[in-house]
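Participant: Model the structure of this input:
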Amino acid sequence: MARIAHAEFEELCREHVPFVGSLGIRVETLDAGRCVLRVPFRDDFLRPGGTVSGPIQMALADIVMYGVVLSLLGRVDLAVTTNLTCNFLRRPKPVDLIGDGRILKLGKRLAVGEVLLYSDGETEPVAHVTCTYSIPPGAGQPIAN
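Facilitator: Here you go, the predicted structure:
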């Protein structure tokens with residue numbers, strides 16, 4: 001069971017991270033150590049060539065990883081990204097984008113995870129992202145995943 005509820009996570013995204021809130025991200029799954037989010041497709045996400053832009057993909061991956069971290073620690077507003085590496089694998093179609101993230105290692109100060117991004121309805125990922133989050137001192141004790 002996650003330490004943050006779907007509704008609280010969505011509200012946190014909308015109210016405290018306005019850019020992410022403007023994307024209309026919806027929680028599909030939020031379990032301890034795993035988060036799946038959906039970004040509904042919009043025409044303004046496209047870049048020349050009719051593909052979803054890289055900045056939209058990386059924003060989704062980053063907020064998915066934030067969800068993964070909060071699923072284990074509870075609400076920690078000051079957990080921040082320290083590294084994000086994105087490997088673009090194929091062209092995302094102009095449809096909803098889905099990010100599926102999981103924790104690889106959760107320590108006292110750092111959380112490392114990975115996110116796979118998919119075009120809705122496709123089985124092959126469009127991007128693979130690894131991400132490290134810094135956990136501030138005094139954050140809650142993680143739950144076992």
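Participant: Could you use CA atoms for every contact and neighbour count after this?
Facilitator: Noted.
Participant: I135 and L73: what is the separation?
Facilitator: Using CA to CA, to the nearest Å, we find I135 at a distance of 9 Å from L73.
Participant: Also A79?
Facilitator: A79 sits 10 Å away from L73, going by CA to CA.
Participant: before we move on, what about I4?
Facilitator: Distance from I4 to L73, by CA to CA: 8 Å.
Participant: H128 - that's part of a strand, no?
Facilitator: Yes - counting by DSSP: H, G, I helix; E, B strand; the rest coil, H128 is found in a strand.
Participant: and it, how many neighbours?
Facilitator: Look at H128: counted by other CA atoms under 10 Å, it has 20 neighbours.
Participant: which ones are touching it?
Facilitator: Neighbour list for H128: C86, N87, F88, L89, E114, V115, L116, L117 [criterion: CA atoms under 8 Å, 6 or more residues apart in numbering].
Participant: Could you work out the most separated pair of these?
Facilitator: The span of these, defined through CA to CA, is set by L89 and E114 at 14.5 Å.
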